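Asks: below are the sequence and a predicted model for it; my questions follow.
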Amino acid sequence: MYISDFNYHKPKTLKEALELLHKSDNGAPIAGGTDMLVELKQGLRQHQDIISLTNIEELKVINEDPDQLYIGAGTTHSEIIASDLIKKIYPVIAEAASKVGTAQIRNTGTLGGNLCTGSSCCDTAPVLIALGAGVEIANGSQLKIIPLKDFFIHNKQTMIKKGDIMTRIIVPKQASCVGAHYEKFGLREAASISVVSVAVMVQLKNNIINDACIVIGAVAPTAIISQRSTNVVKGKNVSELTENSTLLKRAGKAAAEDSVPIDDIRAGAQYRRDILNVLTQRAILRAIEKAESKCKN
Ligand SMILES: Cc1cc2nc3c(=O)[nH]c(=O)nc-3n(C[C@H](O)[C@H](O)[C@H](O)COP(=O)(O)OP(=O)(O)OC[C@H]3O[C@@H](n4cnc5c(N)ncnc54)[C@H](O)[C@@H]3O)c2cc1C
């Protein structure tokens, strides 16, 4: 299918991009285009104006202050993987980015685009939700921050409104002894979208799981916090959460109970629940290992 005609804009500043969006009746931002071009080519969407974000340097900054890590929405997955700052503070974000598509997709696709597409199988959302991230959104001169856990409404539906540009992803720095892990199951090792995914964050205090968040992906219309599974591990001693332990199995089962998977060409709903059960247990063990190694350092 041919893409219908549109005006292509390539502003150099965020202000200019916001003005262009504001002036257009039906304009949309484009970052790497790895999601949007597919939809345009399939005729699923049409825009009078397409505003490229790729020349806007302020959307590509990765920095920190004492309390938070900031990742520009225009940062590509490859830039995230290569960032020493991200690897130092939250290597799990780089690990999740490394699971997206292929090298070509990671070189082009951005974190902002991954979140704004709002796909239920998005690879970066589970980890960022588990870490308590928020997203900063600009519209005209207004700036707001939305917790990422509230950003997704349904598959491919987010809180992004007309004229909005996501500017940064803000990740709070956690207390010490935090470990986080992401597990993805696809039909192949490479270039495969998630059939099931899970992200686990645990924070330890004297061997007790003082805080935790377990987020399940691709098994509901959006990535969601599995409250039941989180509740199973919170407050428990890590010695109770060993491989094949009753408690670990309960946590895996609880995550599966919180899921609402679909049957589709990639997997049946029950198969997804079974895989989620296993992946959740694995991710909890790995997150605890990572937290323990941080506590020692
Ligand atoms: C072959 C292939 C494999 C893939 N594999 C994976 C995978 O394994 N895991 C995965 O999670 N995804 C995968 N994807 C999807 C896609 O590559 C990612 O979601 C990517 O991060 C999208 O980023 P982008 O910059 O290309 O977004 P774009 O296509 O440029 O934009 C996507 C949407 O977000 C909006 N948007 C972009 N940036 C902003 C912004 N800053 N503010 C407001 N709105 C914005 C656009 O208007 C559009 O609606 C794959 C895609 C392909 C084609």
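Replies: Good, I have the coordinates.

Asks: rest of the way, CA atoms for contacts and neighbours
Replies: Noted.

Asks: can you give me the helices in this structure?
Replies: Assigned by DSSP state H, the chain shows helices spanning 14-23, 36-41, 77-82, 84-89, 91-97, 103-108, 111-117, 125-130, 148-151, 227-233, 246-258, 269-296.

Asks: just those: most buried one?
Replies: A comparison of the helices of the chain by mean neighbour count, using mean count of other CA atoms under 10 Å, puts helix 125-130 on top with a mean of 28.

Asks: circling back to that earlier point, for the helices of the chain, give me a markdown table that also has distance to Gln142 and mean pLDDT.
Replies: Compiled in a markdown table, the helices of the chain are given as follows (distance: least, CA to CA, whole Å; pLDDT from 0 to 100):
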| stretch | distance to Gln142 | mean pLDDT |
| --- | --- | --- |
| helix 14-23 | 10 | 98 |
| helix 36-41 | 25 | 94 |
| helix 77-82 | 27 | 98 |
| helix 84-89 | 28 | 97 |
| helix 91-97 | 28 | 98 |
| helix 103-108 | 28 | 97 |
| helix 111-117 | 18 | 98 |
| helix 125-130 | 24 | 98 |
| helix 148-151 | 17 | 98 |
| helix 227-233 | 33 | 98 |
| helix 246-258 | 36 | 98 |
| helix 269-296 | 37 | 95 |
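
Asks: make a markdown table out of the ones you listed and add distance to the ligand.
Replies: Formatted as a markdown table, those follow (distance: least, CA to the nearest ligand atom, whole Å):
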| stretch | distance to the ligand |
| --- | --- |
| helix 14-23 | 10 |
| helix 36-41 | 4 |
| helix 77-82 | 7 |
| helix 84-89 | 17 |
| helix 91-97 | 8 |
| helix 103-108 | 5 |
| helix 111-117 | 3 |
| helix 125-130 | 8 |
| helix 148-151 | 12 |
| helix 227-233 | 23 |
| helix 246-258 | 21 |
| helix 269-296 | 17 |
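
Asks: quick one, which of those helices is nearest to Tyr8?
Replies: helix 14-23 (10.6 Å; CA to CA).

Asks: how long is stretch 148-157 from one end to the other?
Replies: This stretch, stretch 148-157, spans 13 Å end to end (CA to CA, to the nearest Å).

Asks: other residues contacting that stretch?
Replies: Contact with stretch 148-157 is made by 117-120, 125, 128-129, 132-135, 158-159, 221-225, as judged by CA atoms under 8 Å, 6 or more residues apart in numbering.

Asks: again, 6 Å this time
Replies: Residues from elsewhere that reach stretch 148-157 (CA atoms under 6 Å, 6 or more residues apart in numbering): 117-120, 129, 133-134, 158-159, 221-222.

Asks: tell me the one of those nearest Leu59?
Replies: Distances from Leu59 to the contacts of stretch 148-157, taken by CA to CA, are shortest for Gly134, at 15.5 Å.

Asks: residues touching the closest one, list them.
Replies: Contacts of Gly134 (CA under 6 Å, 6+ apart): 146-148, 169-170.

Asks: now do Thr34 against the ligand, distance only.
Replies: 4 Å (CA to the nearest ligand atom, to the nearest Å).

Asks: the residue nearest to that residue when sequence neighbours are not counted: neighbouring residues, count only.
Replies: The shortest distance from Thr34 to any non-neighbouring residue, by CA to CA, 6 or more residues apart in numbering, is to Gly109 (5.9 Å). By other CA atoms under 10 Å, 23 other residues sit near Gly109.

Asks: what's the closest non-adjacent residue to Pro172?
Replies: That would be Gln68: by CA to CA, 6+ apart, it lies 4.3 Å from Pro172.

Asks: count of neighbours near the one you found?
Replies: Applying other CA under 10 Å, we find 16 residues neighbouring Gln68.

Asks: pull up the gap between it and the ligand, please.
Replies: From Gln68 to the ligand the distance is 19 Å (CA to the nearest ligand atom).

Asks: for that residue, give me its contacts.
Replies: Contacts of Gln68 (CA under 6 Å, 6+ apart): 171-173.

Asks: now pLDDT too, for those, in CSV please.
Replies: Converted to CSV, these look like this (pLDDT from 0 to 100):
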residue, pLDDT
Val171, 98
Pro172, 97
Lys173, 95
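
Asks: closest to the ligand among these?
Replies: Nearest to the ligand among the contacts of Gln68: Val171, at 16.4 Å, using CA to the nearest ligand atom.
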